[in-house]
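Peer 1: below are the sequence and a predicted model; questions follow.
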Amino acid sequence: MPTALTAAYILHTLFAGVWVGAVLLATWKVVPLAKGGDLGPDALRSIESGLTTLTRLAAVVFVATGGHMAATVYGSEGLFGTGRGHLVLTMLTLWFVMTALVEVGGRRMRSALDVGKVRTAARDADAFLKAASVAGLVLLVIGGYLAGPAV
Ligand code: HEM
């Protein structure tokens with residue numbers, strides 16, 4: 001039987017892969033297609049809505065699992081007094097920044113779609129999703145480092 005801590009690690013890693021993967025694919029493929037006028041407004045709205053829902057669901061999962069992992073494995077001394085703890089705090093900050101970028105990008109996309117402008121919607125969200133993708137890649141690098149042996 002896995003413990004609550006094991007379950008937290010599994011859920012945390014699962015959402016890390018799914019969320020960052022979804023944001024990367026939206027940035028890499030969906031936005032360029034919409035910018036070129038090759039995606040209809042309904043399709044873009046549906047993708048945007050899926051990304052926003054995933055981002056909000058992931059927020060609950062990251063705060064719950066990450067909070068449990070940080071409290072159980074690190075404690076406040078480990079978090080504030082060690083290099084690995086500082087990386088966990090960096091992870092927390094980057095999660096917040098990435099979430100804000102996806103939310104703002106999604107809001108801009110919705111505003112333009114409300115007046116029927118697909119290309120503008122894609123252009124308006126582009127920079128936010130690109131920045132969110134960079135944050136996501138850095139998050140996975142930090143996660144990969146923390147998953148390795150403590151050196
Ligand atoms: C509320 C935000 C977050 C908190 C508080 C948090 C906290 C933590 C903690 C405490 C660990 C365990 C580190 C260790 O075992 O030494 C961890 C691992 C990890 N985190 Fe986060 N995290 C957050 C968000 C994220 C996000 C947004 C991602 C990626 C999208 C992410 C990806 C990972 C990965 C891949 C691991 C490695 C899991 C493993 O050891 O196998 N985390 N996180």
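Peer 2: Now that the structure is in, tell me what you want to look at. Numbers count the residues shown, from 1 in each chain.
Peer 1: ok, then the element right after whichever strand or helix holds residue 64?
Peer 2: If you go by DSSP states H and E, residue 64 is part of helix 41-69. Note on helix 41-69: by DSSP H and E, the next helix or strand toward the C-terminus is helix 75-81.
Peer 1: pull out the buried positions in stretch 126-140.
Peer 2: By 16 or more other CB atoms under 10 Å, the buried positions in stretch 126-140 come out as 126, 128, 129, 130, 131, 132, 133, 135, 136, 138, 139. For glycine as for every other residue, the C-beta is placed from the backbone atoms N, C-alpha and C.
Peer 1: state the three-state secondary structure for the last one.
Peer 2: It stands for residue 139. helix (DSSP: H, G, I helix; E, B strand; the rest coil).
Peer 1: so for the closest residue to it other than its chain neighbours, what's the pLDDT?
Peer 2: Closest residue in space to residue 139, ignoring its immediate chain neighbours: residue 94 at 5.1 Å, by CB to CB, 6 or more residues apart in numbering. For residue 94, the pLDDT comes out at 98.
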